[in-house]
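Asks: here is my input; please provide its structure:
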Amino acid sequence: MDSSSDSSNTHETVLKRQNRGPPFKFMVPLIYAPILPLIRLSLRKNPVLRDRLFTLVLAGGFAHGFYLVTDLYDSESK
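Replies: Okay, the predicted model is just below:
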């Protein structure tokens, strides 16, 4: 019985370690928000590059949001 109680104690400590730092994955939109208008303003003279870069960054933002939502649902189901 000692080995089973030891394994449950280590499992609890692992969960405590995961909650210590700030959730950087949720702070990424703070980077995306100012980058999108800067792309539009700084590349006004090159509309082809501007539109492609804007679309790429926007698609990356949506992919990141999709990843966060699926990660949230995976953690709730466990």
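
Asks: pLDDT (mean, whole number) over the helix or strand encompassing Leu53?
Replies: Using DSSP states H and E, Leu53 sits in helix 47-77. Helix 47-77 shows a mean pLDDT of 87.

Asks: for it, which positions count as buried?
Replies: For helix 47-77, burial by neighbour count (16 or more other Cβ atoms under 10 Å) applies to Arg50, Leu53, Phe54, Val57, Gly61. C-beta: built from backbone N, CA, C; applies to glycine.

Asks: from the contact counts, what lies against it?
Replies: The helices and strands touching helix 47-77, judged by 3 or more Cβ pairs under 8 Å, 6 or more residues apart in numbering; DSSP states H and E, are helix 29-42.

Asks: the helix it packs on to helix 47-77, inter-axis angle?
Replies: Comparing the axes of helix 29-42 and helix 47-77 via axes from the mean of the first three to the mean of the last three Cα atoms, to 10 degrees yields an angle of 170 degrees.

Asks: Pro29: which of the buried residues of helix 47-77 is nearest?
Replies: Gly61 (7.1 Å; Cβ to Cβ).

Asks: can you tell me the closest non-neighbouring residue to the closest one?
Replies: Tyr32 (4.7 Å; Cβ to Cβ, 6 or more residues apart in numbering).

Asks: contacting residues for that neighbour?
Replies: By Cβ atoms under 8 Å, 6 or more residues apart in numbering, the contact set of Tyr32 is Val57, Gly60, Gly61, His64.

Asks: want to throw the residues you listed into CSV with distance to Pro23?
Replies: As requested, the contacts of Tyr32 are exported to CSV (distance: Cβ to Cβ, whole Å):
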residue, distance to Pro23
Val57, 22
Gly60, 19
Gly61, 17
His64, 13
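
Asks: touching, Arg40 and Arg50? I think so.
Replies: Yes - applying Cβ atoms under 8 Å as the test, Arg40 and Arg50 come out as touching, 6.6 Å apart.
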